[in-house]
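3D model of this:
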Amino acid sequence: MFQLKRLAALSLALGLTACATAPAQAPVASVAAPASGPKVLVSAANPLAVEAGVNVLRQGGSAIDAAVAVQAVLGLVEPQSSGLGGGAFLTYYDAKTKKVIAYNGRETAPAGATPDMFLDASGKPLSYPEAVTSGKATGVPGAVAMLSMAQAQHGKLAWKDLFADAERLADQGFIVSPRLAGMIAGPFPQTATPDAKAYFTKAGGERYQAGDLLKNPAYADTVRKIAAQGPKAILEGPLAQAIVAKVSEDPRPGTVTLADLKSYRPKVGDAICGPYRVYVVCVPDAPSSGAALLEALGILSHTDIADRGPNDPQAWFLFTQASRLMYADRDRYFGDPAFTPVPIEGLLDPAYTAERAKLIGEVAGPAPAPGKPRGAGKLAPDATLEPGGTSHFVIVDAAGNAVSMTTTVESIFGTGRMVGGFFLNNQLTDFSWAPQNKDGTQAANAVAPGKRPRSSMAPTIVLDRQGKLVAALGSPGGNSILAYNLKALVAVLDWKMPMQEAFNLPNLIARGDSFASEPARYAPGVVDALAAKGVVFRGSGGEGSGLHGVMVTPQGLQGGADERREGVVKGF
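Prediction:
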């Protein structure tokens, strides 16, 4: 695998060259925020989690400190999306060094994982309900270990002091939000598991509803242990034993062992950074799909989308075609680079993105095939389902450091199996369910022991050419994450829209021969004009977006929280 530092340097060099010849257009201001405007900010998917992050920042904590508190509360109040039993990617901007660092807390497959673990006796893929609630679906959780690593390197407060809000809310109870209530009552296979039924059913036999007070003393006990012991509280000792026992239960028991848990290590390295217009956009390395997002921006840089706007049908048409090309390459080439080389340098080569851009015609043709970037090997087509069940948040602290973090238990409530008051992930269903072609060619995202499954999560940080923070954003949404992030980046960087207005624009997911969107959000005439070009919407694209972001402006920090969920923005 290529060295990330080398690619970061290459990207910056390319960016500076591009900047010298780029049209004169002012970037979103990245000057220091004045005293009159917000200087710190938290944007997350639940007001209680936002408040926990703000409390840490008021105590003088760093953005990473606040991220620990936010995740601890999200795992309690939004367990359908993320939690202590899940994984995450975190992109961190260090204002002092002007470097962007990427943390990888993605789950790993246990030593006992096999390529055919999601196939039945006849070699056919299991049904989704069977796979998602099975013990086989759970990987070794990495979110807590990742946050511990990042906090040890960039925290200002004591680790043990970052869990007070989560502990209090779990002990005293929190008000069930409408979104959580809808998930509890939803037709998901996980809500029918014994653990989910027990947790979400009141003493009288009724399911919890919006406005009810829900207590979770087991979660409070778990966060107390994590506060005292760090990630060892989950990866070793009684909780680890409970995880192994729960994963080993029928139906379809998994193979996670105590050795698998104890050996888990998060990863850290330079972010993958690439130029776009007068900006530098940074994302995590694979198995995150962030580099695919950079490829899409590279393709769009060869179009005139920046001269258009959200009311122009041609702008959205260009968006759809760049998205299709991006997904075709992502679906074929992305996996865990420790197992299968991912041709990121080839995918981001300006000559390659220029060739891909030439495939954009006047109308939408058949689904584009994967390209052949430099460094690409022979790989089988992918068969990853990647359902949604994820959250995103951003934080900027008083020193100007920023966190963009996407966090998940994979599907709604993970596997529906609980330990210590939290749900276990079903992250291994993010592997390709069909591991190889008949000729034995492996899919890049095939299951293997110790491997991290591919993810669409792409927490993003944007800089100017002097290395100053411009914006940070990201979204949940399963495989639609890339489309959601791309829309927001185009709207903010090309169309100069405020973050909230950018998020409010229609989501448009174009992948293969499928086009999904929100017709009511477009300006009059746009939907019909797109249909005339062969872009006909069917459905909304699966899991909705949950975009959260922040921009640096001359008036101070400007945040956004997707109105499609329950997120808020708060700063001071």
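
which SS class is Glu563?
For Glu563, the assignment made with DSSP: H, G, I helix; E, B strand; the rest coil gives coil.

Which of the residues in stretch 423-443 are classified as buried?
For stretch 423-443, burial by neighbour count (16 or more other Cβ atoms under 10 Å) applies to 423-436, 442-443. (C-beta placed from N, C-alpha, C; glycine too.)

and if you look at stretch 546-563?
For stretch 546-563, a neighbour-count test (16+ other Cβ under 10 Å) marks 546-553, 556-562 as buried.

just the residues you listed now: which is nearest Arg356?
Nearest to Arg356 among the buried residues of stretch 546-563, counting by Cβ to Cβ, is Leu547 at 25.5 Å.

What separation do you get for Thr390 and Gly560?
18 Å (Cβ to Cβ, to the nearest Å).

Kindly apply the preceding question to Leu57 instead.
18 Å.

How about Glu107?
Computed as Cβ to Cβ, the Glu107 to Gly560 distance reads 29 Å.

what ranges do the helices span in the stretch 151-300 of the chain?
Taking DSSP state H, counting those that start in this stretch as the criterion, the stretch 151-300 of the chain carries its helices at 164-172, 178-184, 194-200, 217-229, 232-235, 237-247, 258-262, 290-300.

Between the two ends of stretch 256-269, what distance do you get?
Stretch 256-269 has its terminal residues 27 Å apart, counting by Cα to Cα, to the nearest Å.

Please apply the same query to stretch 162-178.
End-to-end distance for stretch 162-178, by Cα to Cα: 27 Å.

distance between it and the chain's centre?
Remark: stretch 162-178 is offset 24 Å from the chain centroid, using Cα atoms, centre = their mean, to the nearest Å.

Looking at this structure, which helix is longest?
For the chain, the longest helix by residue count, based on DSSP state H, is helix 313-333.

For it, give the mean pLDDT please.
Average pLDDT, helix 313-333: 97.

again, but for stretch 189-206
Mean per-residue pLDDT for stretch 189-206: 96.

what residues does that stretch touch?
Identification of contacts with stretch 189-206 by Cβ atoms under 8 Å, 6 or more residues apart in numbering yields 128-129, 132-133, 183-185, 207-208, 212, 216, 411-418, 423.

separation between Asn504 and Asp562?
As defined by Cβ to Cβ, Asn504 lies at a distance of 8 Å from Asp562.

Sorry, wrong one. I was asking about Asn311.
Asn311 sits 21 Å away from Asp562 when distances are taken as Cβ to Cβ.

And for Ala170?
As defined by Cβ to Cβ, Ala170 lies at a distance of 26 Å from Asp562.

Likewise for Met457?
16 Å.

How about Glu355?
From Glu355 across to Asp562, the span is 34 Å (Cβ to Cβ).

and if you look at Asp165?
Here Asp165 is placed at a distance of 23 Å from Asp562 (Cβ to Cβ).

residue ranges of the helices in the stretch 401-550 of the chain, please?
Assignment of helices within the stretch 401-550 of the chain using DSSP H, counting those that start in this stretch yields the ranges 481-489, 499-504, 526-532.

most tightly surrounded among these?
helix 481-489 (a mean of 27; mean count of other Cβ atoms under 10 Å).

relative orientation of that one and helix 290-300 in degrees?
Calculated by axes from the mean of the first three to the mean of the last three Cα atoms, to 10 degrees, helix 481-489 forms an angle of 50 degrees with helix 290-300.

what residue ranges in the chain score low on pLDDT?
Residue ranges of the chain with pLDDT under 70: 1-36, 380, 383-388, 435-439, 541-542.

one more time with 80
1-37, 379-389, 433-441, 540-543 (pLDDT under 80).

excluding its backbone neighbours, what's nearest the spatially most central residue of it?
Nearest to the mean C-alpha position of the chain, by Cα atoms, centre = their mean, lies Met457 at 2.8 Å. Spatial nearest neighbour of Met457, chain neighbours left out: Thr406 (3.9 Å); criterion: Cβ to Cβ, 6 or more residues apart in numbering.

quick one: the one you found and Ala523, what's the gap?
30 Å.

Likewise for Val144?
Val144 sits 45 Å away from Ala523, going by Cβ to Cβ.
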